[in-house]
Every structure is written in structure tokens, then in C-alpha cells.
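Student: this one's sequence-less:
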């Protein structure tokens, strides 16, 4: 992955230990204490994954979980939490959502590496695809005024393309321009593509499949992070 793994913990010794271990595994590492200033700085760097060890004190923990949810998970960045017991696991799931969680104290580094590797492997597989409902603006490029679009709904999305539910699909091989938002309105994605098929989608309903063309690296990274964040709601088993 081109972007770093962000380690968030209030424990300096744990932060150093995790950073050194993951550096040896070949990952780029960014660290941050769970406060608003450091997490805002880390957010601008757009990490590929957040590894979180929440604070122990209730008020600090709740503030940390809120910031992680707002600044990263809500924007499509996958989050992997490391907790000490089942009670803490339940708290994290309640406040952040159904993210992958490792339970254990001390943390087994080979289990952490296996879980991170699984999450990143998902991004490299062709089946990195989610079923969703995302509003999309679409048009044939060059035929209309710059601000004119038709609107429909994306019901299936991957880094390579999408399925758009619509009663008026373009003919196969039509070049199209798409604009849609991932995570928040501030994170709009603009891609070009080609209609590769017409007919029913996997979730039912008529529409068109669109294969994306050359997607800029920064846009692709954001799209993959968004998809991994949603796939991260599944429990990924450790393999070591």
C-alpha cells in the first residue's frame, strides 16, 4: 500500500513496539496520540488503515472513539481495534460500529500482522466489491453544459467499475462520466468509463454496468479505502 498504517494509542511503549514491529513487516507507519490535534494532522495524510488501542479512562476513551469514527471510519478508512477483553470490545463496537477487533492482552503481533494482511489483501482482489446505494450523477461527456447531469443510483461498486440502477441505460460501449460521493459530500469522486452491459443487476432492477477507465492513483486509493472500510464490517479470521 502506498499510504501508511496509522497507529493510534495513548501508550508510548505500545506505540513504539507496534511501530517497530510493523516497520519490520514492511509497512509505512504513522503514529498519533488520541487527541483532536494529532488526529486532524493524521487525517490530512489519508492513512490506508487505522490500528487503534483506545485509552483506558472512560472520558478519554469515548472522545477517542468519537474522533476515530468521525475522522476515519465515516470517511471510508478501515479501522482495526486492539482491546484487552470482551467488555472493551463491546464498547468499541457500540460506539464505532462493527469493525474488526483483536481481543487479548498482551497483543499477539503475528495475529495483528495476519489481520492487517487480510484487510490489505481484500484491496488487491477482484472481488473487492460492495452492495450499496449511492447517488450518482452521469452523462455522456461533451454533449451537455458542464453542470448538466442525469441522476441514478449505484447499487454495486468496486475499484474497477459499478452497476447503476436506471430505467434508461446508455447503449453498450457508450463513454460516460460519473460523479458520486464516498464517505461524505466533501469526498466526491469523478471517473470516466464505458458501458459494458445492460440488463438486471445482482441486486435486481434494470440498469447498466460501467467499467472504469484509467482512475487517478489518489482517487483509486480513496475508493479502495472506502470499500475496505465497508468490508471491514465483516469479521476477518486471523491466519497465523
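Tutor: All right, it came through fine. Since the structure is predicted, the reported quantities are computational estimates derived from the model, not experimental observations. Numbers count the residues shown, from 1 in each chain.
Student: Distance of the closest residue to residue 188 other than its chain neighbours relative to residue 4?
Tutor: Excluding the flanking residues, the one nearest residue 188 by CB to CB, 6 or more residues apart in numbering is residue 181, at 5.0 Å. Every residue, glycine included, has its C-beta placed from N, CA and C. Note on residue 181: its distance to residue 4, by CB to CB, to the nearest Å, is 25 Å.
Student: Residue 145 now?
Tutor: 41 Å.
Student: Stretch 154-164: how far from the chain's middle?
Tutor: Distance of stretch 154-164 from its chain centroid, counting by CA atoms, centre = their mean, to the nearest Å, is 15 Å.
Student: Let me know the average pLDDT across it.
Tutor: In this model, stretch 154-164 has an average pLDDT of 90.
Student: contacting residues around it?
Tutor: 123, 126, 128-136, 138, 152-153, 165, 178, 180, 193, 196, 201-203, 205, 207-212, 215, 220, 223-224, 227 (CB atoms under 8 Å, 6 or more residues apart in numbering).
Student: What is the burial count for residue 116?
Tutor: 23 (other CB atoms under 10 Å).
Student: Who are the contact partners of it?
Tutor: 5, 22, 27, 49, 51, 80.
Student: for those residues, which one is nearest residue 11?
Tutor: Residue 11 has its nearest neighbour among the contacts of residue 116 in residue 51, at 12.6 Å by CB to CB.
Student: Roughly how far does that closest one sit from residue 228?
Tutor: Counting by CB to CB, the gap from residue 51 to residue 228 is 13 Å.
Student: Neighbour count: those two, which is higher?
Tutor: The neighbour count for residue 51 versus residue 228, taken as other CB under 10 Å, is higher for residue 51 (25 against 21).
Student: And what about the more buried one, helix, strand or coil?
Tutor: strand (DSSP: H, G, I helix; E, B strand; the rest coil).
Student: and the gap between residue 50 and residue 70?
Tutor: In terms of CB to CB, residue 50 sits 12 Å off from residue 70.
Student: So for these two, which sits in the more crowded spot?
Tutor: residue 50 (25 against 13).
Student: Confirm for me that that one is in contact with residue 75.
Tutor: No - the pair formed by residue 50 and residue 75 falls short of the contact definition of CB atoms under 8 Å, at 10.7 Å.
Student: ok, and what's touching the longest strand seen in the chain?
Tutor: In the chain, with assignment by DSSP state E, the single longest strand is strand 188-200. Outside strand 188-200, the residues that touch it by CB under 8 Å, 6+ apart are 141, 161, 169-182, 206-215, 219, 222-223.
Student: In helices, which of those appear?
Tutor: Cross-referencing those against helices under DSSP state H gives 219, 222, 223.
Student: Adding distance to residue 18 and neighbour count, write the residues you listed out as a markdown table.
Tutor: Converted to a markdown table, those look like this (distance: CB to CB, whole Å; neighbours: other CB atoms under 10 Å):
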| residue | distance to residue 18 | neighbour count |
| --- | --- | --- |
| 219 | 30 | 15 |
| 222 | 25 | 21 |
| 223 | 27 | 23 |
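Student: tell me the SS of the residue lying farthest from the centre of the chain?
Tutor: Here the chain reaches farthest from its C-alpha mean at residue 143, the gap being 33.4 Å by CA atoms, centre = their mean. Here residue 143 is recorded as coil under three-state DSSP.
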